[in-house]
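>>> Fold the following and give me the result.
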Amino acid sequence: MNDRDVKEFSLTERRRITTMMQFHLLDGLMQSAAWGPQDLIFRGGSSLRYALGSYRFSEGLDLLVLEQTWPLLANALARSSRNAQEALAMELPGARISVEERDSGRSVMPFAAICTHPRRGGAVEVGLNFMPGSMEALDSYETMIVPLRSPGVRFSPMATVGSARMLYLDKMFALGLREEVAAHDIFDLWWLRVKSGVGMPDEAFLLKHALAAEEIYDCDAREVLARLGQIQGTPASELEKLLVSGLPDVLSTQAFVAMRDKRLFEDMTRFVRADAEKVSKVMLRVLGYFGSVQTMEEVAGGISPGR
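Predicted structure coming up:
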């Protein structure tokens, strides 16, 4: 075989293979006997796409895993990758899938499932990010068991997924913890509230879940509040530029053009800034119950929480 026989994965091929890998990896993980009913929870952008119907593309899989089951994860991933390779062989004979452990990040244990083919240049990679949590944190994480669906995939694996309002809180925490605002976080929050119809989480819900979210994200909720305060003050024009530059990577061309023509980016920025303010106010009251902080000035001043 010479160089002329090798071609790069096209964008369409990459996305199709990524989706197939994600489905079969998730199916293998969820079907493993290693987990109890609340020990492995699918969350993040891909869960919005496959469980709730979002049209944003995401290359990674984000899951919560019970910390006591961490030693079982490597074997479960190996079995899942074999299942994915067998399924992919029907679509792309000769494809190989390997799993690599990556350097750990903040509160995340990352792996990558990598698909290669002798007649393709490069590789298709699916990131698998596992966030370990205590039994108490995972038991309090609101979930639903639903079939996962995507056009072109002929089976629908069942998965334990965060509820829509839990995923909304997750996304708000993610928005408040990133060093730089990510276009896909803004899109996901807008999509959950406007397209999926998720109501603003109330004080009782945040009171129940804020502390568990702190543990899962290995963060102080004051960090989230301070960052959300900055986002409220970010000019709408800056956020719109961020969406215009960032969303073409995660949306189809047709969806991106339609949203731009309908001036939906303006709606997104207004909506997310308003939601950030609402969530901040409710979380301030919630933290007050635990003796942490009472005002945004205390958040900015970095007062230690007094729990």
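>>> so what pLDDT did residue 307 get?
As predicted, residue 307 sits at a pLDDT of 32.
>>> Now the helix or strand harbouring residue 209: buried residues?
Assigned by DSSP states H and E, residue 209 belongs to helix 203-217. For helix 203-217, burial by neighbour count (16 or more other CB atoms under 10 Å) applies to 205-207, 209-217. Quick note: C-beta positions are derived from backbone N, CA and C, even for glycine.
>>> Likewise for stretch 223-243?
223-229, 231, 239-240, 242-243.
>>> Among these, which pair sits farthest apart?
223 and 240 (25.6 Å; CB to CB).
>>> Tell me which other helices or strands the helix ranked longest in the chain touches.
Ordering each helix of the chain by length in residues (DSSP state H) puts helix 264-289 first. Packed against helix 264-289 by the contact rule (3 or more CB pairs under 8 Å, 6 or more residues apart in numbering; DSSP states H and E) you find helix 164-177, helix 183-190, helix 203-217, helix 221-232, helix 236-246, helix 296-301.
>>> Now do the buried residues in it.
264-265, 268-269, 271-273, 275-276, 279-280, 282-284, 286-287.
>>> Residue ranges in the stretch 51-200 of the chain under the pLDDT threshold?
Applying pLDDT under 70 to the stretch 51-200 of the chain picks out residues 105-107.
>>> about what we covered before: redo the buried residues of stretch 223-243 as TSV? Include pLDDT and distance to residue 122.
Below are these laid out as TSV (pLDDT from 0 to 100; distance: CB to CB, whole Å):
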residue	pLDDT	distance to residue 122
223	78	37
224	82	37
225	81	42
226	81	40
227	83	35
228	85	38
229	82	42
231	86	36
239	91	33
240	92	33
242	93	28
243	94	28
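>>> quick revisit: what is the helix holding residue 209 packed up against?
On a contact count with 3+ CB pairs under 8 Å, 6+ apart, helix 203-217 meets strand 124-133, helix 135-140, helix 164-177, helix 221-232, helix 264-289.
>>> at 6 Å what do you get?
Contacting helix 203-217 under the criterion 3 or more CB pairs under 6 Å, 6 or more residues apart in numbering; DSSP states H and E are the following elements: helix 135-140, helix 264-289.
>>> Which of those sits closest to residue 190?
helix 264-289 (4.3 Å).
>>> re earlier: mind checking which of the helices and strands packed on helix 264-289 is nearest residue 14?
Once the helices and strands packed on helix 264-289 are compared by CB to CB, helix 183-190 is nearest, at 17.3 Å.
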